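> Whatever this is, show me its structure:
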Amino acid sequence: MAEAQSGTGLSGPQRAAVFLLGVGEKSATEVMRYMEPREVQLIGEAMNSLTSLTNAQVESVMKEFHRQAANLNPLGLGATEFTRRVLTHALGESRARSMLSKFMPGDVISTGLDALRWMESSAVADLVRDEHPQIIATVLSTLEDDHAAQVLRQLPAELRQEILFRIARLEQIDPAALEELDGILESQLGKRQASPARPVDGKGSAAAILNRLDNQLESELLDALKQRDEALGSKVAELMFVFEDLLAMDDRSMQRLIREIAVDGLVIALKGVDEAVRQKFFANMSARAADMLREDIEAKGPVRLAEVESHQREILETARRLADEGEIMLGSGDEGFV
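Modelled structure (predicted):
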């Protein structure tokens with residue numbers, strides 16, 4: 001089954017973990033400083049899962065990195081973060097933030113909001129659960145989608161529908177709301193930083209959060225949103241991406257996606273899906289890999305629905321990432337890149 005994983009038998013996060021383990025603690029630490037919280041979590045979990053590696057696997061990962069790095073043009077990559085770090089080292093955090101706000105207002109995020117991104121979802125939920133729904137919606141719209149979904153899941157059921165409705169309606173974060181939010185963070189975290197207004201894709205955020213919830217809660221919240229505002233709910237539904245949507249991918253994109261998927265996770269994700277979805281995967285593998293995948297699915301015992309949905313969401317997140325990187329297209333071939 002290794003053919004389905006770039007010839008290494010490792011998922012994307014595992015390959016990144018192998019590389020970081022290979023370059024040593026000091027270099028790995030420096031690299032991870034530039035990663036998003038969710039990326040750090042995924043790679044940390046991957047490091048913990050690597051119980052044994054062959055020399056061939058390590059060599060393959062290093063060669064892949066060398067090949068990709070050789071083709072990269074470093075100019076312009078991470079320019080915003082580079083500028084922020086240089087000015088912070090040169091001027092100090094306070095003066096650097098003041099200067100950055102003059103020419104990069106949309107990129108200067110309050111230190112309090114930045115701190116929330118590193119907090120456990122339960123801690124964020126405890127922090128905001130008694131606040132006004134608009135404040136909670138503002139908080140969730142600034143978090144990564146998966147993180148926001150975890151926070152939403154831990155809030156009282158009677159709040160969820162109202163919060164999702166407010167997220168979906170967001171087009172710009174109100175400076176007054178951000179000031180109020182900073183007041184909360186000042187008392188709870190000891191941090192305060194004025195933040196400028198910035199545009200928000202509320203409908204997209206709502207769709208992404210719904211995609212990361214279990215099916216029952218997703219349906220419940222989406223139905224409630226449509227009942228409250230049919231046009232808004234329909235637009236959010238259009239932006240959602242479900243596992244069956246993979247059927248619309250072209251073969252080249254599907255083959256690229258399969259190379260990023262861990263086989264064990266794919267076996268579980270394909271349990272209980274329509275045969276057409278399975279055939280989409282089989283058709284884009286070698287005959288040997290497809291036969292082995294069929295055997296693994298048949299041999300797999302009963303699996304909890306929640307586990308199936310979890311692995312399906314991981315595959316969808318991988319597909320979104322590859323689409324964002326321009327590696328694949330989501331949808332039929334005559335549609336534009338997503």
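
> Next one: Ile261 relative to Thr29, how far apart?
Distance of Ile261 to Thr29, computed by CB to CB, to the nearest Å: 29 Å. Where C-beta positions appear, they are placed from N, C-alpha and C, glycine not excepted.

> likewise Gln41?
The value you get for Gln41 to Thr29, if CB to CB is used, is 16 Å.

> Comparing these two, which residue is more hemmed in?
Neighbour comparison, Gln41 and Thr29: the larger count goes to Gln41, with 15 against 11 (by other CB atoms under 10 Å).

> which element is that one on?
Applying DSSP states H and E as the criterion places Gln41 in helix 37-49.

> Packing partners of that helix?
Here helix 37-49 touches helix 12-23, helix 145-153, going by 3 or more CB pairs under 8 Å, 6 or more residues apart in numbering; DSSP states H and E.

> And the contacts of the longest one?
What it means is helix 12-23. Taking CB atoms under 8 Å, 6 or more residues apart in numbering as the criterion, the residues outside helix 12-23 that touch it are 6, 8, 10, 27-28, 31-32, 42-43, 45-47, 49-50, 53, 57-58, 61-62, 64-65, 260, 262, 318.

> Buried members of these into PyMOL, please.
Only the buried members of these enter the following PyMOL selection, criterion being 16 or more other CB atoms under 10 Å:
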select buried, resi 6+8+10+28+42+43+46+47+53+57+58+61+64+65+260+262+318
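
> Show me where this structure has its strands.
172-173, 198-199 (DSSP state E).

> Mean pLDDT lowest where, among those?
Ranked by mean pLDDT, those bottom out at strand 198-199, which scores a mean of 58.

> So, low pLDDT: which residues of the stretch 151-300 of the chain?
The model of the stretch 151-300 of the chain has pLDDT under 70 over residues 174-200.

> Turn the helices and strands packed on helix 37-49 into JSON lines, columns for mean neighbour count.
As requested, the helices and strands packed on helix 37-49 are arranged in JSON lines below (neighbours: other CB atoms under 10 Å):
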{"stretch": "helix 12-23", "mean neighbour count": "20"}
{"stretch": "helix 145-153", "mean neighbour count": "22"}
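
> In CSV, list those helices along with distance to Leu247.
Shown next, in CSV, are the helices and strands packed on helix 37-49 (distance: least, CB to CB, whole Å):
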stretch, distance to Leu247
helix 12-23, 23
helix 145-153, 23
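
> Mean pLDDT lowest where, among those helices?
Looking over the helices and strands packed on helix 37-49, mean pLDDT reaches its minimum on helix 12-23, with a mean of 83.

> Pop out the phi and psi values for the residue nearest to Asp146 when sequence neighbours are not counted.
Excluding the flanking residues, the one nearest Asp146 by CB to CB, 6 or more residues apart in numbering is Arg212, at 5.2 Å. Here the main-chain torsion angles of Arg212 (degrees, to the nearest 10) amount to phi -100, psi 10.

> Would you quantify the distance from Arg212 to Ala123?
On the measure of CB to CB, Arg212 and Ala123 end up 18 Å apart.

> Pull stretch 251-261 out as PDB, backbone CA atoms only.
As requested, the backbone C-alpha atoms of stretch 251-261 are provided in PDB (Å, rounded to 0.1, in the frame of the first residue of the first chain):
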ATOM      1  CA  ASP A 251      -8.100  12.300 -12.200                       C
ATOM      2  CA  ARG A 252      -4.800  14.200 -11.900                       C
ATOM      3  CA  SER A 253      -6.000  16.100  -8.800                       C
ATOM      4  CA  MET A 254      -7.300  12.900  -7.200                       C
ATOM      5  CA  GLN A 255      -4.000  11.100  -7.800                       C
ATOM      6  CA  ARG A 256      -2.100  14.000  -6.200                       C
ATOM      7  CA  LEU A 257      -4.500  13.900  -3.200                       C
ATOM      8  CA  ILE A 258      -4.000  10.200  -2.800                       C
ATOM      9  CA  ARG A 259      -0.300  10.600  -2.500                       C
ATOM     10  CA  GLU A 260      -0.800  12.800   0.600                       C
ATOM     11  CA  ILE A 261      -3.200  10.500   2.400                       C
END
